[in-house]
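Q: My questions are about this predicted structure, shown below with the sequence.
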Amino acid sequence: MAVTKLVPVPDEAPRPVVKAVPRETKARGFALYVGIDEAAAAENGIDLSQIVTALKNLASSMAPGAETYAAVALAPVGSGGRSVDVVRLALQEPSAVARHRTSDDDEKDLAGVVVDVSRKRVVIDDEVAPLTFKEFELLQYLVTHKGQTISRAEIIRSLWRADDVDIPNDRTIDVHVRRLRSKLGRFEDIVRTVRGEGYRFDVHPDVTILFASAPSPDVF
């Protein structure tokens, strides 16, 4: 009778443990970035709030103790780029921010006025202009509607909420524009006055609009 000799098989080398987080830390949750605009959602017969609600309900059904928080990222109408990249940068996702910061060196090489919408700042001849939040919003609105004459009424309607306590009038808008122009220095004429109608920004050789790796998002 043949005798079968059992040969011990050496144990496999232990496989490295792949961790989702660095040592001495633990996962406390995750972020899911969803890139979809209202028009795309409407094509599917839904809206963004329905998607948010469905995702929150799913998390609650799978893990009843899970806490959820939703934020919406907005970008100027007509801006390009992948929606998910806009969302990631708007909500300060670390890898998106890191890639965005690589544009710093490129920005330093740009002369004239750099309107950096993503970072909410204006750089004039390599110096950051001391614009207030509203002054930047005003310039951003004109820049992202380049070629269009924007009335004072539209500026008020777009940059102030109905429940704001300091809603300006037409004369106050003129004051905001004068202050903005004074901080633009020798480039003050990039904000044009259209007599009897409002204000306008046209494509200008001394002005660069910087979106970096994603279109200019606002965080709300």
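A: Perfect, I can see it now.
Q: Return the distance of residue 55 relative to residue 139.
A: 36 Å (CB to CB, to the nearest Å). C-beta coordinates here come from the backbone N, C-alpha and C atoms, glycine included.
Q: okay, now the domains of this structure?
A: 38-99, 103-212 (automatic domain parsing).
Q: could you check the distance from residue 151 over to residue 142?
A: From residue 151 to residue 142 the distance is 12 Å (CB to CB).
Q: which one of those two has more residues nearby?
A: The neighbour comparison of residue 151 against residue 142 (other CB atoms under 10 Å) goes to residue 142, with 24 against 16.
Q: just checking, that one touches residue 199?
A: Yes - counting by CB atoms under 8 Å, residue 199 is a contact partner of residue 142 at 6.1 Å.
Q: list the residues that contact both of the two?
A: 150, 191 (CB atoms under 8 Å, 6 or more residues apart in numbering).
Q: hang on, the earlier thing: between the domains of the chain, which gets nearest to residue 25?
A: Taking CB to CB, domain 38-99 is the member of those nearest to residue 25, at 14.1 Å.
Q: Low-confidence ranges, the protein, go.
A: 1-23, 76-80, 92, 94-111, 211-220 (pLDDT under 70).
Q: Quick one: the strands in it, in order.
A: For the chain, applying DSSP state E gives strands covering 73-74, 113-116, 121-124, 127-128, 149-150, 192-194, 198-200, 207-210, 218-219.
Q: Highest mean neighbour count out of the ones you listed?
A: strand 113-116 (a mean of 22; mean count of other CB atoms under 10 Å).
Q: Relative to the whole chain's centre, how far out is that one?
A: The chain centre lies 16 Å from the centre of strand 113-116; the measure is CA atoms, centre = their mean, to the nearest Å.
Q: Over to stretch 159-179?
A: 24 Å.
Q: In that stretch, which residues are buried?
A: Buried positions in stretch 159-179, judged by neighbour count with 16 or more other CB atoms under 10 Å: 159, 168, 173, 176, 177.
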